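> next one to model:
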Amino acid sequence: MIQFLDSKLSDNSSPSSSDQPLPEFSGSGGGTGIYKPPVRAPVHPSRPPSLEVMPHPLRETQVGRFLRNIVCVDDDNGPQLWAGSECGVRVWDLKDDIYGGNGGEDGSVRYWESGQVEGATLCVVGDRGNRVVWSGHKDGRILCWKMMDFSGGRGNCRNEGVQEMFSWQAHRGPVLSMVVSAYGDIWSGSEGGTIKVWPWEAIEKSLSRTFGERHMASLLVERSYIDLRSQVTLNGTFSNIFNSDIKFILSDYAGAKVWTASYQSFAVWDARTRELLKVFNNDGQIENTSADFLMVDEMKINSVSGLKEKSQNSLNFFQRSRNAILGAADAVRAAAKGAFRDDNRQTEAMVATVDGMIWTGCADGLLLQWDGNGNWLRDLQYHSSAVQSMCTIGSRIWVGYMSGTLQVLDLKGDLRGEWVAHDSPVIDLAAGSGYIFSLANHGGLRGWSITSPGPLDNILRVELAGKEFLYTRLENMKILAGTWNVGQGRATPDSLISWLGSAAADIDIIVVGLQEVEMGAGFLAVSAAKETMGLEGSSAGQWWLDMIGKSLDEGSTFSCTGSRQLAGLLISAWVRNNILAHVGDVDVAAVPCGLGRAIGNKGAVGLRMRVYGRVMCFVNCHFAAHLEAVNRRNADFDHVYRTMVFSRPSNLLNSANGMVLLLFLCCLLTWSKYLLMLVCGSFWRFVLSVAAGVSSAIQMLRYTNAMPFNPMEGMPELSEADMVIFLGDFNYRLDGISYDEAKDLISQRCFDWLRERDQLQAEMEAGNVFQGLREAVIRFPPTYKFERHQPGLAGYDSGEKKRIPAWCDRILYRDNRSPSVSTCSLDCPVVSSILQYEACMDVTDSDHKPVRCIFSVEIAQVDESARRQEFGEIIRSNEKIKRLLEGLSKVPETIVSTNNIILQTQDRSILRITNKSKKDKAQFEISCEGVSAIEDGQASDHRPRGCFGFPPWLQVNPAAGIIEADHIVEISIRHEEYQTVEEYVDGVPQNFWCEDARDKEAILTLKVSGSCTVETKCHRIRVRYSIMGKLTPMNRKANNSNPVKSNLLQRSDFHRLNGSCDVVEHLQNLIDL
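Now for the predicted structure:
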């Protein structure tokens, strides 16, 4: 804060002579369209204010630790946020730490992390009833974690850490999905359609084991599973869902059902009996494919495959090559459509809402609504990007997309709000503590108020923006950008030191761009072929990287953070070691502009990185040559600026696409061998044309499958950078001047006269190229063209062509400044100036002179810990917000018809809930706080099942729903025949039965809430069941000889429910009445 205020006060002070910025020339057309600097502000103007739980971490710091899923679990000690990572689980305390400022160095909320786990966490499920969290892992194991106890102080938690209770091998393949059903059983899905159920009875026994008996607990539950795929039949049919990976499992709590889903099919199960109710595809059509038919169909496929193999052997080699090319081309086209899947309607997310509906999201952005029985109702589409995650709370549905967009819908499906939540796909959502938490693919974690979008957002936005100075931190650094067309030559160490090493003393980041590292038709053809397979680089390029590293004292002083080569173009970045922790997310890009926009003799390579939280892009270009090709050069820039798409360096040979591309290339080379002499007289011309066609197709494939990190749809990625530096051999020449005139002006150092002839300056003034970019006024001689190893100005080209000297080699930039904001702040977070702009005229290793430019860069970044503290202070102290939250937290008044129900065998009772509010809807959810056997007329030690699930002898329908204003809803409380418990061992039912002939009692909790609040009011209902038909009186005083009838209705008052101990205490009070 003090640093920020000092900067504001010293804005008008004059800098020292050594840091005096150079005068600059600015191009026209930079304030509009794609050339406008991105909008930045203390609080993003286009989305609600968010709570940064874990600010966007640098990718390099998260290798092997990326978060992949989240879940909120709320128990008596307060809400906790659990996240599954690639190496274990993490836990946040949402009660006391959510607004804390004592988190990590990256500004994240303090969290606790488990020890290293072998398999990555693929799914996480909370069980607040038993205070445990279940996690499914890539190695097929399910782990049970004990919830953190924050009530006894944070010191104890830090010492104990996250405790694993026990684990077991659940599947041979990965645990792809998992859920706890309405009856407390754990359902898990894996590859190949495997669905297993882990009964609560076995889980309960394992949970009761001591820490020293973990092995016995693991063995007990591991062998208790029920394999549904091996048992289920539906009218003698078999569904394709049992051959596909079970990607999603959903518990429909309201209807006591479980939904399992693959990408294309759904199955609906009864949660109590585990009976398969319905199988259908994502078009709503019921599947009814018999196992016999599938077997016959598979035999037909094998038969056809065999015939094809025989016919292939009869073809000659020329025909086989032709067929392979056509097949590879089809495969490439299929890959371009989306990784071999033509049907983009595959399911990507599921959620069950409080009104009993099921919503699913698809890869094409479609949202489907189903009723609780699996009947398709309608589909909606508000976004073209793929759905990645869904969540619900109250009367709202939250949807996260691949584009980073977050949408809010009501239960009718109407869109209530939409904004870009992250610059990366929103891979998971969770609700808790009054927030919806969104997890981005890059590991960032944000919290959004459950009332968003709404009036609360506007108040928070104004208040936070007004306290900008409290959480703004300024950083100063220097960047050296250097460009050199090396003309396929090699530099001496002295040349590199003169160009880079001598100026690197106080530089933080060095970016080097080289052109013509290696050229020639053969090299260009091989380079284009390697690009099609995701390969890049050459021995010459590596030589340059090694030499530059030596001149910069790589290792002890600087580290190379990234590089990219496209044919003769090479870009690399070097970061001083003491700021490496603040630099990351390095991505690269390449845009060929040569033959057919496919060959890399001309084009650009780019490198993008985050520095102190701000995005910087560096683009090394080599544009069309020759004096008259001004329009081609302008077109090259436009093509590069609009189409450059960054991605992390990867080797596509390790993917399916890479194998297809390799096959395609091999087939093309074979085909060219036979057609070479027939089609072309020039070998390399033919190879270049083939390579250009393949490379162009691959560029289209990469652009199609590129992950949409750009938050502004349709905007080039370079437009969203806070700072962009273009460097390279732009090839702009001097117009209207002869060779001798140019040399004469150069010898007199009349650079102002020469600049008037500069094509680049004229085109920038006209707004035709480099719109809005800046360049320091040139004070050095033209850098092209020289005789090699000829020192001084006498070295200009004196050969037969006598090329006119020109400033071909240039460095331009753009930062966040705009006509309205020019000082460094969160509104304008990156402000740069040029301290040096010069050519190294003493270097003679090429026909071009190397050029370097030193930037002084000021960066404003957010202190997330300080901002989060201010966020919490505003929530707690602002009177407008307090009144608004009080109004939203009101729970409609409701009454229930009875708080005592007695059932006989297969008896049914009706529980009526009345909403007394005249204008507000009420939402309700019924859970089972505990179950106990009745002995001597008394029930004690009520124990909850998993996630407060119902006992198998009790059916509550519906268990959740909405009550309209001034309406009554009826709940069926029914006893179901379940006197015996069948035990399973290794998926096989055993031949013995466990009789349970005791009377039982269940404590039901009815939670009532408003449509958009986390506040609840609770009723308790006691349900007793007598297996022999002899009713046990609930009132053991005076009139205990008179049995209580099952249809007796009594009014229940509101009670605050704090835990199972309160339930027992309250029941004791009832008995003592």
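> can you verify S230 is assigned to a helix?
Yes - assessed by DSSP: H, G, I helix; E, B strand; the rest coil, S230 belongs to a helix.
> just give me the neighbour total for it.
As a burial measure, S230 scores 12 neighbours (other C-beta atoms under 10 Å). The C-beta positions use only the backbone N, C-alpha and C, and glycine is treated the same way.
> just the pLDDT for it.
Looking at S230, its pLDDT stands at 78.
> tell me how far it lies from E287.
19 Å (C-beta to C-beta, to the nearest Å).
> ditto for R274
For R274, the distance to E287 - C-beta to C-beta - is 19 Å.
> with V117 instead?
On the measure of C-beta to C-beta, V117 and E287 end up 37 Å apart.
> these two: who's more crowded?
V117 (21 against 18).
> show me what contacts the residue nearest to that one when sequence neighbours are not counted?
Among residues not flanking V117 along the chain, G88 sits closest, at 4.3 Å (C-beta to C-beta, 6 or more residues apart in numbering). By C-beta atoms under 8 Å, 6 or more residues apart in numbering, G88 lies in contact with 113-117, 121, 162.
> same thing with S498?
Contacts of S498 (C-beta under 8 Å, 6+ apart): 840, 842-843.
> closest one to E970 out of these, please.
Using C-beta to C-beta, the shortest approach to E970 within the contacts of S498 belongs to C840, at 86.8 Å.
> which helix or strand contains L143?
Assigned by DSSP states H and E, L143 belongs to strand 141-146.
> same question for L220.
Judged by DSSP H and E, L220 forms part of helix 214-222.
> who does that helix touch, helix- and strand-wise?
Where contact means 3 or more C-beta pairs under 8 Å, 6 or more residues apart in numbering; DSSP states H and E, helix 214-222 is packed against strand 163-169, helix 200-207.
> how about 10 Å then?
Contact partners of helix 214-222 among helices and strands, from 3 or more C-beta pairs under 10 Å, 6 or more residues apart in numbering; DSSP states H and E: strand 141-146, strand 163-169, helix 200-207.
> contacts only, for Y1025.
901-905, 907, 934, 951, 953-954, 975, 998-1002, 1031-1032 (C-beta atoms under 10 Å, 6 or more residues apart in numbering).
> now which of these would you call buried?
Buried residues within the contacts of Y1025, defined by neighbour count using 16 or more other C-beta atoms under 10 Å: 901-903, 907, 934, 951, 953-954, 975, 999-1002, 1031-1032.
> farthest-apart pair in those residues, please.
Largest pairwise distance in the buried ones among the contacts of Y1025, by C-beta to C-beta, is 18.3 Å, between P951 and L1031.
> most centrally placed residue in this protein?
The geometric centre of the chain, computed from its C-alpha atoms, lies nearest to N441 (C-alpha atoms, centre = their mean), at 1.9 Å.
> go ahead and confirm that one touches V426.
Yes - using C-beta atoms under 10 Å, N441 makes contact with V426 at a distance of 7.9 Å.
> quick one on the thing from earlier: strands paired with the strand holding L143, and their directions?
Sheet pairing of strand 141-146 (DSSP bridges) gives strand 132-137 (antiparallel), strand 163-169 (antiparallel).
> mind listing which of the contacts of Y1025 are in strands?
901-903, 934, 954, 975, 1000-1002 (DSSP state E).
> output these in TSV, with distance to L445 and pLDDT appended to each entry.
Below are those laid out as TSV (distance: C-beta to C-beta, whole Å; pLDDT from 0 to 100):
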residue	distance to L445	pLDDT
I901	43	92
I902	48	90
L903	46	89
I934	47	85
L954	38	93
H975	45	90
K1000	43	88
E1001	42	91
A1002	38	93
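> ok, so of those residues, who is nearest A604?
L954 (68.3 Å).
> just give the closest residue to the closest one, not the sequence neighbours.
For L954, the spatially nearest residue (C-beta to C-beta, 6+ apart) is A1002, at 5.7 Å.
> ok, back up a step: quick check: neighbours shared by N441 and V426?
By C-beta under 10 Å, 6+ apart, the residues touching both N441 and V426 are 388, 402, 404.
> from those residues, which ones fall inside strands?
Using DSSP E, Q388 are the members of the shared contacts of N441 and V426 that sit in strands.
> distance to W544 added to the shared contacts of N441 and V426, as JSON lines?
Listed next are these as JSON lines, based on distance: C-beta to C-beta, whole Å:
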{"residue": "Q388", "distance to W544": "41"}
{"residue": "M402", "distance to W544": "38"}
{"residue": "G404", "distance to W544": "37"}
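> okay if I get the shared contacts of N441 and V426 as a markdown table plus pLDDT?
Shown next, in a markdown table, are the shared contacts of N441 and V426 (pLDDT from 0 to 100):
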| residue | pLDDT |
| --- | --- |
| Q388 | 97 |
| M402 | 96 |
| G404 | 95 |
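> residue contacts, E554?
By C-beta under 10 Å, 6+ apart, the contact list for E554 reads 545-546, 548, 560, 574, 577.
> cutoff 7 Å now
Listed by C-beta atoms under 7 Å, 6 or more residues apart in numbering, the contact set of E554 reads C560.
> any idea of the pLDDT on the residue nearest to V117?
95.
> returning to that earlier point: neighbour-wise, give me the winner out of the shared contacts of N441 and V426.
G404 (26 neighbours).
> grab the nearest non-local neighbour of that one.
Nearest one to G404, counting by C-beta to C-beta, 6+ apart, is H422 at 4.3 Å.
> run through who's touching stretch 252-263.
With contacts defined as C-beta under 7 Å, 6+ apart, stretch 252-263 is touched by 179, 181-182, 187, 189, 195, 241, 244-251, 266-272, 346-347, 350, 352, 356, 358, 372, 955, 957-961.
> buried ones among the residues you listed?
179, 181-182, 187, 189, 195, 241, 244-251, 266-269, 271-272, 346-347, 350, 352, 356, 358, 372, 955, 958-961.
> where are the low-confidence patches of this protein?
1-18, 152-160, 233-241, 288-343, 648-713, 978-984, 986-997, 1028-1073 (pLDDT under 70).
> quick revisit: out of the strands paired with strand 141-146, nearest to P829?
Nearest to P829, of the strands paired with strand 141-146 and by C-beta to C-beta, is strand 132-137 at 38.4 Å.
> report the buried residues of that closest one.
Quick answer for strand 132-137 (16+ other C-beta under 10 Å): 132-137.
> likewise stretch 364-372?
Buried residues in stretch 364-372, defined by neighbour count with 16+ other C-beta under 10 Å: 364-370, 372.
> look at it and report the distance between its end residues.
Taking C-alpha to C-alpha, to the nearest Å, stretch 364-372 runs 24 Å from one end to the other.
> any idea how far that stretch is from the chain center?
Here stretch 364-372 is found 22 Å from its chain centre; the criterion is C-alpha atoms, centre = their mean, to the nearest Å.
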